[in-house]
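>>> mind folding the following:
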Amino acid sequence: MAIYETATKLANEIKNSKEYIQFKKYMKEIKNDPDSEKLLAEYKLSQAKVQNFIISNPKDKKKSLSKFESLQRKVINNKKVNKYLNSEQQFTNMMNNINHILAQAVEDDYK
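Predicted coordinates:
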């Protein structure tokens, strides 16, 4: 049972972390601003398309990259979206580090 208690404590620590609190704050700001929410959705969709397109169709990557770079400039100039994306990255990095620590605990058993 101790492992579940520890997991619950870890979940609470994550929810109370600076990274998660900032992430939630900026997410709320985005959700309260339809223009920023639309820009973020368009940017994320374009980002995914560019990543997939470059892999599957490298010939036309200039056109796709040009559109993506235009969106990227808009994102950089939109403080709300820019703050959100930075906080999302910080939160994602924290979660990746936590997952890495947990995986390392049992990694030797898989070798």
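>>> what residues of stretch 18-30 count as buried?
For stretch 18-30, the neighbour count (16 or more other CB atoms under 10 Å) marks 19-20, 22-23, 26-27, 29-30 as buried. In this view, the C-beta of every residue, glycine as well, is placed from N, C-alpha and C.
>>> redo those residues as TSV? Include pLDDT.
As requested, those are arranged in TSV below (pLDDT from 0 to 100):
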residue	pLDDT
E19	97
Y20	97
Q22	97
F23	97
Y26	97
M27	97
E29	97
I30	97
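>>> in the protein, which segments are predicted with low confidence?
Residue ranges of the chain with pLDDT under 70: 54-55, 57-61.
>>> pull out the buried positions in the helix or strand harbouring Q104.
Counting by DSSP states H and E, the element that carries Q104 is helix 79-107. Across helix 79-107, burial judged by 16+ other CB under 10 Å covers 80-85, 87-88, 90-91, 94.
>>> picking that back up, can I get the buried residues of stretch 18-30 in a markdown table with secondary structure?
Putting the buried residues of stretch 18-30 into a markdown table (DSSP: H, G, I helix; E, B strand; the rest coil) gives the following:
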| residue | secondary structure |
| --- | --- |
| E19 | helix |
| Y20 | helix |
| Q22 | helix |
| F23 | helix |
| Y26 | helix |
| M27 | helix |
| E29 | helix |
| I30 | helix |
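>>> what is the helix holding Q104 packed up against?
If contacts are counted by 3 or more CB pairs under 8 Å, 6 or more residues apart in numbering; DSSP states H and E, helix 79-107 sits against helix 2-15, helix 18-31, helix 34-56, helix 61-77.
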